[in-house]
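Participant: Here you go, sequence then predicted model.
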Amino acid sequence: MSTATLETPTATPTLHLTQILVSYEDAIRLLRIRDTYDWHQRVWQAFGGRDGQVRDFLVRVDRKEEDYRVLILSRSVPAKPDWCPTDCFGTKDIPERFFARTRYRFSLLANPTWKPVKDKDGNYIADAKKRKRRAITKREDLITWLQRKAESGGFQVSADSLRTLPRGQEYFHKDRRSHGTHTAVEFQGELTVTDPTQFRVTVASGIGSAKAFGFGLLVLAPIS
């Protein structure tokens, strides 16, 4: 199952929002969910027959009391996977008028990171691919990170409304040799759209890194 970078849209295809509710007991006992990579594999089953293709969806998983809520934002319509109960799966199209508003409340579960220019000895790293991403943890740096993403993403964040909620580290194991962690931070607040076209692209493409592992989906609620 591909963890390739999310394809950047060249047009404005209809977006689909899917919600799946899975009880905590079923997730652990039946689906054997251990980490974010397991969720990644399960969600891919809603887009069967596409191994090796570029991922065109975002996902977010939240623990809600006795259930897990899985949100999927996709450009293609997902099919109910076999592991999902029929009454706990629902998909709806997002009408274009949803994006006609100027202001929204938002929630973003992100993996804010930065790449150092120098190594531990103070030498400049010439090859950008060798720069290992490091987690951003200080609130002022998190705010700067989000403001930078907002500026390039076609919106502005209201500083007075912004909350940064650390969610700890998310571990994943692909196999015995491939494993790692992501540092999860939830941003909540209000935003104002400055570039509607770019904002629409940002919503479809997601924000930040590790999108295949449940980060980057911008959850929106219009403000009247």
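Facilitator: Yes, it's here.

Participant: Can you tell me the SS state at S209?
Facilitator: Assigned state for S209: coil (three-state reduction, DSSP: H, G, I helix; E, B strand; the rest coil).

Participant: what's the burial count for it?
Facilitator: S209 has 16 neighbouring residues, counting by other CB atoms under 10 Å. All C-beta atoms are positioned from the backbone trio N, CA, C, and that covers glycine.

Participant: Ok, the one 3 residues further on next?
Facilitator: Residues near A212, counting by other CB under 10 Å, number 24.

Participant: Give me the phi and psi angles of it.
Facilitator: Here is the backbone geometry of A212 (degrees, to the nearest 10): phi -70, psi -10.

Participant: surely it meets Q41?
Facilitator: No: if you go by CB atoms under 8 Å, A212 and Q41 don't touch, sitting 10.3 Å apart.

Participant: Pull out the buried residues from the longest strand along the chain.
Facilitator: Assignment by DSSP state E gives strand 179-193 as the longest strand of the chain. Going by neighbour count (16 or more other CB atoms under 10 Å), the buried part of strand 179-193 is 182-187, 189-191, 193.

Participant: I'd like these laid out as JSON lines, including distance to I143 and pLDDT.
Facilitator: What follows is these, written out as JSON lines (distance: CB to CB, whole Å; pLDDT from 0 to 100):
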{"residue": "H182", "distance to I143": "20", "pLDDT": "84"}
{"residue": "T183", "distance to I143": "16", "pLDDT": "88"}
{"residue": "A184", "distance to I143": "17", "pLDDT": "92"}
{"residue": "V185", "distance to I143": "11", "pLDDT": "96"}
{"residue": "E186", "distance to I143": "14", "pLDDT": "97"}
{"residue": "F187", "distance to I143": "9", "pLDDT": "98"}
{"residue": "G189", "distance to I143": "10", "pLDDT": "98"}
{"residue": "E190", "distance to I143": "14", "pLDDT": "98"}
{"residue": "L191", "distance to I143": "13", "pLDDT": "98"}
{"residue": "V193", "distance to I143": "19", "pLDDT": "98"}
